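Q: need a structure here:
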Amino acid sequence: MPFTSLGLADNLARAVASQGYAVPTPIQTKTIPLILEGRDLLASAQTGTGKTAAFTLPLLQRLEQRPLATRASWSRLQPVRALVLVPTRELAAQVGDSARAYGRHTALRSAVVVGGVSLKPQCDALRRGVDLLVATPGRLLDHVSQRTVDLSKIEILVLDEADRMLDMGFIPAIRRILALLPRQRQNLLFSATLPETIRQLAAELLHNPATVDVAPPNAPAALVRQAVHPVDQTRKAELLTHLLRTGDVEQTLVFTRTKHGADRLMHQLERAGLRAAALHGNKSQAARTRALADFKQGQIRVLVATDIAARGLDIAQLPLVVNYELPHVAEDYVHRIGRTGRAGRDGVALSLVSEEETPRLHSIQRLLGRTLPSTVVDGFAPTRSTRSTTPKPAGSTRPSPSPNPHQGTRSRTTNSRASDQRSRVSRTSATPAGRNRSRNHQPAA
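A: You can find the predicted model right below:
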């Protein structure tokens, strides 16, 4: 099914094709026609399914169909016509990139306003006139307080990753922004999950909305193969280094729970000769942008991040995600591993699980409704009871095989470290790079 069959204009379909995409994803197939009709929308889909393109493409078309007659002079503040609110700077940058790429054959102007950078370039862009504004709530309110943005003519409002904004405490700020918008507008709410709090917000915000849900709740991407590696907490860095050195994966995204832990692990990897960078909230926006750009361009091999990177990051052909530490909230596991297995490509998600983290592993498995396969990596058998407390698949009497994220890794039946070290087996290999080729080349953003 081509994009034009959804009612998308030729110039936008041409822009999509220039990005290498030919077949719309299910979320795009279901939402684009509804948005083009002018309907309010409540949409839910698992990460990596193309939600950003699902609202950006029809949003651009609706703006282009109702162009402004003229733009006022430089001395007057230009009203914004469409507003996309997102929870993080990284997601804002991604949506902004998509808007520019898909709007390349239109006369529409877009801009991104986020914290951590200078206000002046953002103010200059707003004065020149912006049709589509992508913003984080806090920085947008900064512009409101300084009267550098006019939201009185908003025609379309998008709340992206609404559940994440709820988790991050942005709802009061969003309500302040909503009070500044005209009542007559189209509202689109996109969320990875639809808890009751999000449904309550939708009831307040949306008028007679269409509802689209293309995935079961808390379902990881179907192309992500998951595995658990039990290991002592004190040997996690050693095991991660071993996996990265013996694997054939060029890029790996590693999640830690804390900012300090991310920095510490980054330095450990660098001392081991692996090019790495850290991404977390204590980094300046310039440092965060540089780290992500270097990772996407292959200049660094390992990006160590906190959950700030679990939502919104669209990294092409990312083959491997590692949970160095399991998240406190089970739902965040799904968002973390959703960074791989995107847009029809295979991916692998590995979790290094210590005995202390076994309760978190149980919570994740209850959320997923299944037991994750567990394999002890040669030479890294836990010395305590991590293996015995890690659930095995029903009916299994031996550690279950990994879904081949590591070639040559063998299950162990002894917990003696000395015996493991004598084995000197180092044939562990991450997922073959050849498995990351696209199936249906679909826009992931």
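Q: Ends of stretch 183-195, what's the gap?
A: 25 Å (Cα to Cα, to the nearest Å).
Q: what does stretch 323-340 give?
A: End-to-end span of stretch 323-340 (Cα to Cα): 12 Å.
Q: Quick one: the strands in the stretch 151-300 of the chain, in order.
A: Assigned strands in the stretch 151-300 of the chain, in chain order: 156-159, 186-191, 210-213, 224-230, 252-255, 276-279 (criterion: DSSP state E, counting those that start in this stretch).
Q: Mean neighbour count, the ones you listed: which tops it?
A: By mean neighbour count, with neighbours taken as mean count of other Cβ atoms under 10 Å, strand 252-255 ranks first of the strands of the stretch 151-300 of the chain at a mean of 26. Placement of C-beta: from N, CA and C, glycine included.
Q: Listing partners with orientation, what would you give for that strand?
A: If you go by DSSP bridges, strand 252-255 pairs up with strand 302-305 (parallel), strand 320-323 (parallel).
Q: so what secondary structure elements neighbour the one helix or strand Ala92 maps to?
A: Per DSSP states H and E: Ala92 is located in helix 89-102. Judged by 3 or more Cβ pairs under 8 Å, 6 or more residues apart in numbering; DSSP states H and E, helix 89-102 is in contact with helix 10-18, helix 51-65, strand 110-113, strand 132-135, helix 285-296.
Q: Take those and write them to TSV, including mean pLDDT and distance to Gly273.
A: Listed next are the helices and strands packed on helix 89-102 as TSV, based on pLDDT from 0 to 100; distance: least, Cβ to Cβ, whole Å:
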stretch	mean pLDDT	distance to Gly273
helix 10-18	93	39
helix 51-65	94	36
strand 110-113	96	36
strand 132-135	98	39
helix 285-296	85	17
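Q: Let me see the contact set for the closest residue to Phe3 other than its chain neighbours.
A: Nearest residue to Phe3 in three dimensions, chain neighbours excluded: Ala13, at 4.5 Å (Cβ to Cβ, 6 or more residues apart in numbering). Residues counted as contacts of Ala13 (Cβ atoms under 8 Å, 6 or more residues apart in numbering) are Pro2, Phe3, Thr4.
Q: would you turn those into JSON lines with secondary structure?
A: Formatted as JSON lines, the contacts of Ala13 follow (DSSP: H, G, I helix; E, B strand; the rest coil):
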{"residue": "Pro2", "secondary structure": "coil"}
{"residue": "Phe3", "secondary structure": "helix"}
{"residue": "Thr4", "secondary structure": "helix"}
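Q: Got a PyMOL select line for the buried ones in those?
A: The PyMOL selection below is limited to those of the contacts of Ala13 classed as buried (16 or more other Cβ atoms under 10 Å):
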select buried, resi 3
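Q: so who does Ala349 touch?
A: 220, 224-227, 320-323, 336-337, 340-341.
Q: Check which helix or strand Leu318 maps to.
A: Leu318 belongs to no helix or strand, assigned by DSSP H and E.
Q: quick one: it and Arg336 touch, right?
A: No: in this structure Leu318 lies outside contact range of Arg336 using Cβ atoms under 8 Å: 11.8 Å.
Q: Just to check, Leu77 is in contact with Arg128?
A: No: Leu77 is beyond contact range of Arg128, at 10.6 Å (criterion: Cβ under 8 Å).
Q: bridging residues for the residue nearest to Gly38 when sequence neighbours are not counted?
A: Once flanking residues are discounted, Gly38 sits nearest to Gln186: 5.7 Å by Cβ to Cβ, 6+ apart. Beta-bridge pairing for Gln186 (DSSP bridges): Ile156.
Q: Let me know whether Gln186 touches Leu36 as I believe.
A: No: the pair Gln186 / Leu36 is not scored as a contact, 10.5 Å apart, by Cβ under 8 Å.
Q: Now do the shared contacts for the two.
A: In contact with both Gln186 and Leu36: Arg62, using Cβ under 8 Å, 6+ apart.
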